[in-house]
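Participant: okay, here's the prediction I keep looking at, along with the sequence it came from:
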Amino acid sequence: MGAQLGRLKAREFLFLCEDLALAALPASVRRPERRVMWTILQFYYGDPRVHFELQPQVARGVVELGLHFEGPVALNDRWAALVAAHAPEIVAALGDGWELEEWTPSWRRLHRTWAFTVLTEELAREVGGQLARAIEALQPLLDAGREVIGSATDPAAGNHAGAERGGRWRRSKARR
């Protein structure tokens, strides 16, 4: 690797996390499709609008990891409502630090962050392990959710999640 003194460049960190996450997935978990956009890694299963995303943001000193819903707002709200309904199991599987939020006016995400001064292999091990746990814990829920949620985009067809949000949701401070 081109890292000096334990420091990793953003793309080195990204690909190390990817390798560690994929190696940590049990054989019973099918491998995701992937998309890379410079320092953003997305894993998805069929529909790229519903994806796990990893992004080290060097300028901000933050690594973000999340499950993103980036389709039509009604569909995103249904996905987020499904995740919110399973919050106790998700917290038990992933631990504290994860938050479900209205990220933009239409996008939703379940995510967590790590602050850093330097991107290191140690941090990559932690983040890569958490990515593997997120896939292992959340993908079965997403697979089951596809049966219930489908891919309808009609806002009138079941866009009930907004009324149920209540205290479970937080609006993104960065995107208001």
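Facilitator: Cool, got the structure.
Participant: please count neighbours and contacts with C-alpha atoms only from this point.
Facilitator: OK.
Participant: buried set for the longest helix anywhere in the chain?
Facilitator: In the chain, ranked by residue count with DSSP state H as the criterion, the top helix is helix 121-149. Across helix 121-149, burial judged by 16 or more other C-alpha atoms under 10 Å covers 121, 123-125, 127-139, 141-142.
Participant: please apply the same query to stretch 44-57.
Facilitator: So stretch 44-57, judged by 16+ other C-alpha under 10 Å, has buried residues 44-45, 48-57.
Participant: if we can go back for a sec, what average pLDDT does the longest helix of the chain get?
Facilitator: Averaging pLDDT along helix 121-149 yields 95.
Participant: CA atoms only for stretch 116-127, dumped as CSV, please.
Facilitator: The C-alpha trace of stretch 116-127 is given here as CSV (Å, rounded to 0.1, in the frame of the first residue of the first chain):
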residue,chain,number,x,y,z
PHE,A,116,-10.8,10.5,12.8
THR,A,117,-7.6,12.4,12.6
VAL,A,118,-5.8,9.9,10.4
LEU,A,119,-7.3,7.0,8.4
THR,A,120,-5.6,3.8,9.8
GLU,A,121,-5.8,0.1,9.3
GLU,A,122,-7.2,-0.2,12.9
LEU,A,123,-10.1,2.1,12.0
ALA,A,124,-10.6,0.1,8.7
ARG,A,125,-10.9,-3.1,10.7
GLU,A,126,-13.6,-1.5,12.9
VAL,A,127,-15.5,0.0,10.1
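Participant: list the contacts of it.
Facilitator: Stretch 116-127 is contacted by residues 6-10, 13-14, 16-17, 20, 61-63, 65 when judged by C-alpha atoms under 8 Å, 6 or more residues apart in numbering.
Participant: and the buried ones among these, selectable in ChimeraX?
Facilitator: For the buried members of the contacts of stretch 116-127, the matching ChimeraX selection, counting by 16+ other C-alpha under 10 Å, is:
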select :7,8,9,10,13,14,16,17,20,62,63,65
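Participant: in the protein, which spans are helices?
Facilitator: Using DSSP H, helices in the chain cover 10-24, 73-85, 87-94, 121-149, 161-164.
Participant: same list (the ones you listed) but as TSV, adding distance to residue 35.
Facilitator: Compiled in TSV, these are given as follows (distance: least, C-alpha to C-alpha, whole Å):
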stretch	distance to residue 35
helix 10-24	11
helix 73-85	20
helix 87-94	24
helix 121-149	15
helix 161-164	29
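Participant: do you know how far the residue nearest to residue 62 when sequence neighbours are not counted is from residue 22?
Facilitator: Residue nearest to residue 62 in three dimensions, not counting chain neighbours: residue 115, with 4.5 Å by C-alpha to C-alpha, 6 or more residues apart in numbering. Residue 115 sits at a distance of 23 Å from residue 22 (criterion: C-alpha to C-alpha, to the nearest Å).
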